[in-house]
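> just coords:
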């Protein structure tokens, strides 16, 4: 009678591979080893990952720099790259500025009546070269160049 019951089950419905995933292989199973129920090893791995992230930040020498130091470096730099804005820089600067305006930043230009969309306001600022942001171009040797929008040729 049990054979008749199981004979109606489709082979596609019963997937033996699905049930085998939970069973450890003979190489993985060690009955003498106690299972880690408290998860201490997981915490140690997370601490190691956190330390590696901190080390990466220290290696990259990421720091917060004041605007006066940035502008001092800006005026004393000899530029290597060409003064043309790329389409990627344009997209980034418009997106960041539109987000700033949408979050409540005041536009630096007089906005005509009827224009209320943040991206449109950012586009007007871009065309007037008045966006108050610096573009930082990273160079292959690990250094970087800062560019103001008003110093770049825009399209």
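Perfect, thanks for sending it. Because the structure is predicted, anything quoted here is derived from the model rather than measured. Numbers count the residues shown, from 1 in each chain.
> so how far is residue 74 from residue 145?
Taking C-beta to C-beta, to the nearest Å as the measure, residue 145 falls 9 Å from residue 74. Placement of C-beta: from N, CA and C, glycine included.
> Could you find the closest non-adjacent residue to residue 124?
Here the nearest residue to residue 124 in space, its sequence neighbours aside, is residue 109; by C-beta to C-beta, 6 or more residues apart in numbering that works out to 5.9 Å.
> what about the one you found, neighbour count?
A count of neighbours around residue 109, defined by other C-beta atoms under 10 Å, yields 12.
> List the residues that contact residue 146.
70, 73, 74, 77, 134, 135, 136, 137 (C-beta atoms under 8 Å, 6 or more residues apart in numbering).
> hang on, I meant residue 125
Counted by C-beta under 8 Å, 6+ apart, residue 125 has contacts 97, 107, 108, 109, 131.
> Can you name the residues that contact the fourth one?
Spelled out, that is residue 109. 121, 124, 125, 128, 130.
> any chance you could map the helices in the chain?
Counting by DSSP state H, the chain has these helices, from start to end: 2-7, 16-20, 40-60, 67-76, 87-102, 118-127.
> Mind telling me which of the ones you listed the model trusts least?
Comparing mean pLDDT over the helices of the chain, the weakest stretch is helix 16-20, at a mean of 52.
> Tell me, how many residues neighbour residue 98?
For residue 98, using other C-beta under 10 Å, the count is 20.
> any idea how far residue 117 is from it?
Taken as C-beta to C-beta, the span from residue 98 to residue 117 is 8 Å.
> Equivalent analysis for residue 128, please.
17 Å.
> any idea how far residue 148 is from residue 128?
Per C-beta to C-beta, residue 128 is found 13 Å from residue 148.
> nearest residue to residue 74 other than its sequence neighbours?
Spatial nearest neighbour of residue 74, chain neighbours left out: residue 146 (5.1 Å); criterion: C-beta to C-beta, 6+ apart.
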